[in-house]
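> got a predicted structure here, sequence first:
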Amino acid sequence: MDHPPYDYSPIVGREPIRWPTGARIAFYVAVNIEHYPIDRPGLSITAHTTGLTPDPLNHGWRDYGPRVGVWRLMECLDRYGLRASAMVNSAVCTEYPQIITAGMDRNWAWVAHGADNSRHQSTIAPEAERDYLREVVDTIERATSRRPRGWLGPALTETFRTPALLAELGLEYVLDWANDDQPYWLRVPGMLSVPYPIEVNDITLFVGKHLSGPDFVRLVRDQLDQLYAESADSGRVMALALHPFVISQPFRQRYLAQALEYVVGHPGVWLTTSDEIAAHYASTHPQDTA
């Protein structure tokens, strides 16, 4: 295959999207809850020690997320009445079961996010991918008592087979193709693409761009204001991608709160999850299978 699994569709001229209660923006918070094996490399804050095993500096930075950061983030989301769309590695279910329990208590949406965040989807051999996907999805279902409806590949990686294999397993949408402000149907029967943010993402902004907290607040406000201005005739999706070991460092917490307060207080915003966005779009814009 030498082309993406979707058709080109300019955003102008599409059938309008109407969100529930007349909202113009569907907003969800993508909380990436990840496990990084201690003997494998992963996202790093410094390159100086990445060749070491173990690498306490970088592993400790990442491990702040499940130990401390996610709990601080939960409190912030609770304060603003927001449910997370939890992008969860299946390894989290066994490594950090207390997080799963807390998310279930909050009725979070569970999005399958691979086995762990050191194993990229594109490296899996064709004959092994189906079994790998099944194990990830089944593990999350056993832990949460809810089968995931969506998928985000570790580092947004896929193979050309992934969407069809996920559809076979009963999943309904992927977040990897981050190329639109609206959901759309892939060429795979029954499989949607739902917008996921690459730039409105704490790793990109704080680790990649070294933005300050006030810069983050201004960027979130600007993102919402622009999408809202464009949504008079057709709804848009806005998502905020957060990683607890990044956004939940203590000195950033007040800025996340300021950003969420602006979104929650903005008129015409449907505070929802990626699951609910996919379900609403699928029910109002059926896939053309002709």
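On my side now, so go ahead.

> contacts only, for A164.
Counting by CB atoms under 8 Å, 6 or more residues apart in numbering, A164 touches 188, 191. Where C-beta positions appear, they are placed from N, C-alpha and C, glycine not excepted.

> can you do 7 Å?
V188 (CB atoms under 7 Å, 6 or more residues apart in numbering).

> with adjacent residues omitted, what lies nearest to the residue most central in space within the chain?
The centroid of the chain falls nearest to A30 when counting by CA atoms, centre = their mean (4.0 Å). Nearest in space to A30, with sequence neighbours left out and distances taken as CB to CB, 6 or more residues apart in numbering, is A241 at 4.5 Å.

> can you give me every residue that contacts R218?
By CB under 7 Å, 6+ apart, R218 has no neighbours at all.

> off-centre distance for stretch 138-154?
13 Å (CA atoms, centre = their mean, to the nearest Å).

> now do the end-to-end distance for it.
One end of stretch 138-154 to the other measures 17 Å (CA to CA, to the nearest Å).

> for that stretch, the averaged confidence score.
Stretch 138-154 carries an average pLDDT of 98.

> what's across from the residue nearest to the centre of the chain in the sheet?
S85, A241 (DSSP bridges).

> thinking it is in contact with S85, fair?
Yes - the criterion here is CB atoms under 7 Å, and A30 meets it with S85 at 5.2 Å.

> list of residues touching the lowest-mean-pLDDT helix or strand in the chain?
Lowest by mean pLDDT, DSSP states H and E among the helices and strands of the chain is helix 56-64, with a mean of 91. Here helix 56-64 makes contact (CB under 7 Å, 6+ apart) with 36, 38, 42-46, 49-50, 245.

> just the ones of these in helices?
Counting by DSSP state H, the members of the contacts of helix 56-64 that fall within helices are F245.

> make TSV out of the contacts of helix 56-64 and add pLDDT.
What follows is the contacts of helix 56-64, written out as TSV (pLDDT from 0 to 100):
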residue	pLDDT
Y36	95
I38	94
G42	86
L43	83
S44	83
I45	85
T46	87
T49	85
T50	83
F245	98
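
> pick out whichever of the contacts of helix 56-64 sits closest to T144.
Y36 (21.0 Å; CB to CB).

> any idea how far the closest one is from P56?
13 Å (CB to CB, to the nearest Å).

> having no further points to raise, I will conclude here.
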